[in-house]
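1. This is a predicted model, with the sequence first.
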Amino acid sequence: MAGRVRRRLRLTGAVGGLALGLIACQAAEHGTADGTHVHARGGVSAPFAQEMDAGMQAMMKAMAGSSRTGDPDHDFAAMMVPHHQGAIAMAKAVLEHGKDPVLRRLAQEIIVTQQQEIGVMKGRLSEKPAARQHASPPAAQQGKENPQPRSDAAGPLLPISSQDRVYTSDQTSNTVSVIDPVANRLLGVIRLGDPVPGALSPLYKNQLLVHGGGFSPDHRTLATVSIGSNSVTLIDTATNKVKGVVYVGRSPHEAFFTPDGKELWATVRGEDYVSVIDPVRMREKRRVTTANGPGMVLFRPDGKYAFVPSSFTPEVDVIDTRTYRVVARVPQASPFSPNLAVSRDGTEVWFTLKDSGKTQVMSARPPFRILATIDSGPISNHVTLVDNRAGHFAYVTVGGENVIKVYRRGPEPALVATIPTGDLPHGIWVSGDGTRVYVGLENQDAVVAVDTLENRVIATIPVGQQPQQLLYVPRAVPHGTGTANLQPLGVAGKAGHLTLSAPKGGGRAHATVSVNALGALDLLQVAATGLQPGKNYMLWLTEHRTAPFGRKQALAMFTTNSAGAQVSQAIGLLRDVLTPPRSAASAPPRRYLIITPADSSSPVAVQDHYKPMPPPEGPSPEPAPAAGGS
């Protein structure tokens, strides 16, 4: 025993001496006899240099004076506490005097993460050696060197039931579609507003651009976010009736309830904060400042932290829900994150990056580090995490490839399946028992149900126009049929769908197109991929499908993102000329779509042959008046 202690003392002394020696060498290289910092170029910088030197001197003095016991664990923590304190002091000096935005962001991260690590090390120093030896590893290491069993912190697994509901937020028809997952059938829609152009009237009072959503932990309240009317609509899931509307700041995107149900947090993407709403009084109670463009908010199952990725700033903010303060700013690989998911055991956060076609995995526990970055594919939209008897997985909708990609979760996520879905998969959510996921097809106005044990599509269900967020809510209807106050699709059932492909030998461009009726007008949305990144392209309406194409009419110009993809829209009298009905005797002259570079007339994508489809099954498409919600 004595020999081991002596060897530990020699090792500890050597490590400490080496660390102090390196610091002293750095101080000697960059300092002068009077302590003034001298740059390599010969210039002197003060007071920044004085603050840096003071921080280093305090750090060296504290490290040299730390009490060493011969226990490597104790001595490591004792020296690292002042080491981290010195780093924090230097980071604060950079924030006060520096101008480089990248280094300033790094300094902010250093302050947050190293303060957290100081807390861990001080806690370990207060423990007795025997307690440290038998304690669990830090949260960041759990599931790696010493895997821990997963706990179901999010509640029990719930088998699929006729009491469950699937909801989609339909952006163009301004509806919420309601699906019975047992029958995989559309029950009807909750009409929150009118289609354009009626929704653009100065006297319009209902909701516009129905887009996001969340639900309460008791599954009795649906929160639906409308971007254009800056609102969050609260809906009773049992009766499908609007309970009230809360108006927030510019362009909210998503909303979700805290795990205790006492608050509803809505990300105000057009500004720089999260609106915290009292769902009982139905009013905003406070705002939590975040990076510009907060995209979505979800909570760790224990409710301690909220995770907010950004759509305009490359960072995920971690918010302490008790203090409403940002406690960590984790860099994203690119700025545009629309969606994230948190694991049931509270260990992982997965978030998508729509602009760069990546998906990142972050620890849900301090110090909130990025664990993996995956090239998931162009237009990576939404992600949901699945736990079932086959294992633990992440399902990512990749709109540019019209697939779901399935990754086995773990220290090194691995792609295990690719599931074709249909046109532009967007929102996705897992059933209460993990045996299914439901996916909204934005450019097909439909939802597909996927069996997660076999990874295959088992049903396709028509819904409202351009579904965005999709939610699976177990036990949403405690009794009865749950069809009260639902309405038929109406004009939302009138749509056409097209594809464009690259000419032979002309590259790998591809696009899906939806053409939705808006009453007197139609909305066309194109999702294009396989193009050159950062380049301008034109979408044209032409007389002929083949060269020389005849007269061309410009519909939209768009700039591709870093993954060579983009979604763009146009409005006009387009549905009948692009997708004529089966009986086309009185139809107007047929027209076609092509995509060209903005500076060229040579097409990179040309419309494929159109095959008229039979009308969708489901509720009658008779028009119906708009419901409340104003």
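-> Noted; the coordinates are in hand. Numbering: from 1, shown residues only.
2. could you point out where the stretch 451-600 of the chain is predicted with low confidence?
-> In the predicted model, the stretch 451-600 of the chain carries pLDDT under 70 at residues 582-587.
3. Correction: the previous question concerned the stretch 101-250 of the chain.
-> The model of the stretch 101-250 of the chain has pLDDT under 70 over residues 101, 105, 108, 112, 115-116, 119, 123, 126-155.
4. can you pull out the helices in it?
-> When assigned using DSSP state H, counting those that start in this stretch, the helices of the stretch 101-250 of the chain occupy the ranges 101-126, 129-134.
5. Likewise for the stretch 451-600 of the chain?
-> Assigned by DSSP H, counting those that start in this stretch, the stretch 451-600 of the chain shows helices spanning 575-578.
6. what does the stretch 251-400 of the chain give?
-> Here the stretch 251-400 of the chain has no helices by DSSP H, counting those that start in this stretch.
7. so what's His426 up against?
-> Under the criterion of CB atoms under 8 Å, 6 or more residues apart in numbering, the contact list for His426 reads Asn381, His382, Thr397, Gly399, Val439, Gly440, Leu441, Glu442, Pro467, Gln468, Leu470. C-beta coordinates here come from the backbone N, C-alpha and C atoms, glycine included.
8. same thing but 7 Å
-> By CB atoms under 7 Å, 6 or more residues apart in numbering, His426 lies in contact with Asn381, His382, Thr397, Gly399, Gly440, Glu442, Pro467, Gln468.
9. Count the neighbours of Asp218 for me.
-> 11 (other CB atoms under 10 Å).
10. Please name the nearest non-neighbouring residue to the residue sitting nearest the centre point of the chain.
-> By CA atoms, centre = their mean, the mean C-alpha position of the chain lies nearest to Asn339, the distance being 1.5 Å. Take Asn339 and drop its neighbours on the chain: the residue closest to it by CB to CB, 6 or more residues apart in numbering is His382, 4.2 Å away.
11. just Val513 next, same as before
-> That would be Leu498: by CB to CB, 6+ apart, it lies 4.1 Å from Val513.
12. doesn't Ala291 make contact with Thr267?
-> No: contact status for Thr267 versus Ala291: not in contact, 10.9 Å apart, counting by CB atoms under 7 Å.
13. Comparing these two, which residue is more hemmed in?
-> Neighbours of Thr267 and Ala291, each counted by other CB under 10 Å, are more numerous for Thr267; the result is 31 against 23.
14. And the more buried one, how far from Glu442?
-> With distances taken as CB to CB, to the nearest Å, Thr267 is found 20 Å from Glu442.
15. same thing with Ile458?
-> Distance, Ile458 to Glu442, by CB to CB: 20 Å.
16. between those two, which one's more packed in?
-> In this view Ile458 and Glu442 are compared by other CB under 10 Å, and Glu442 has more residues nearby, 30 against 11.
17. Next, the more buried one: phi, psi?
-> The phi and psi torsions at Glu442 (degrees, to the nearest 10) take the values phi -60, psi -40.
18. Not counting residues beside it along the chain, what's closest to Arg369?
-> Closest to Arg369 by CB to CB, 6+ apart is Ser363, at 5.3 Å.
19. Run through the bridge partners of that neighbour.
-> With DSSP bridges as the criterion, Ser363 is bridged to Glu348.
20. Neighbours of it, how many?
-> Burial of Ser363, expressed as a neighbour count using other CB under 10 Å, amounts to 19.
21. Then Ser201?
-> Number of residues near Ser201 (other CB under 10 Å) recorded here: 10.
22. picking up where we left off before, tell me the contacts of the residue nearest to Val513?
-> Applying CB under 7 Å, 6+ apart, we find Leu498 in contact with Val513, Leu578, Thr579, Leu593, Gln607, Tyr610.
23. Could you do Val463 as well?
-> With contacts taken as CB under 7 Å, 6+ apart, Val463 has the following neighbours: Thr168, Asp170, Ser177, Leu186, Asp445, Ala446, Val447.
24. isn't the second one right next to Gly464, touching?
-> Meaning Asp170. Yes: with contact taken as CB under 7 Å, Asp170 and Gly464 are classed as touching, separated by 2.9 Å.
25. overlap in contacts of those two?
-> Common neighbours of Asp170 and Gly464 (criterion: CB under 7 Å, 6+ apart): Ser177, Ala492.
26. coming back round to it: how much space separates the residue nearest to Arg369 from Gly377?
-> Distance of Ser363 to Gly377, computed by CB to CB: 24 Å.
27. ok so Gln50 is a strand residue?
-> No: secondary structure of Gln50, determined by DSSP: H, G, I helix; E, B strand; the rest coil: helix, with no strand assignment.
28. give the contact list for it.
-> With CB under 7 Å, 6+ apart as the criterion, no residue contacts Gln50.
29. Test for you: state the pLDDT assigned to it.
-> Per-residue confidence for Gln50 comes out at a pLDDT of 79.
30. before we move on, what about Glu622?
-> Glu622 is assigned a pLDDT of 36 by the prediction.
31. Repeat that for the one 4 residues further on.
-> The pLDDT attached to Ala626 in the predicted structure is 35.
32. So what pairs up with the residue nearest to Ile319 when sequence neighbours are not counted in the strands?
-> With CB to CB, 6+ apart as the measure, Ala306 is the residue that lies nearest to Ile319, at 4.3 Å, once sequence neighbours are left out. Residues found in beta-bridge contact with Ala306 (criterion: DSSP bridges) are Phe299, Ile319.
33. list the contacts for Ala306?
-> Taking CB under 7 Å, 6+ apart as the contact definition, Ala306 lies against Trp265, Val297, Phe299, Ile319, Thr321.
34. these two touch, right, the last one and Lys304?
-> Same thing as Thr321. Yes: using CB under 7 Å, Thr321 and Lys304 qualify as a contacting pair, with a distance of 6.3 Å.
35. and those two? which has more neighbours close in?
-> The residue with the greater number of neighbours, taking Thr321 and Lys304 and applying other CB under 10 Å, is Thr321; the counts read 20 against 16.
36. And the pLDDT for the more buried one?
-> Confidence at Thr321, expressed as pLDDT, is 97.
37. Quick check: the gap between Pro588 and Lys552.
-> In terms of CB to CB, Pro588 sits 17 Å off from Lys552.
38. same thing with Gln163?
-> According to CB to CB, Gln163 and Lys552 sit 53 Å apart.
39. The two: which has the busier surroundings?
-> Neighbours were tallied for Gln163 and for Lys552 using other CB under 10 Å; the higher tally belongs to Gln163 (21 against 16).
40. list the contacts for the more buried one?
-> Counting by CB under 7 Å, 6+ apart, Gln163 makes contact with Arg475, Ala476, Val477, Pro478.
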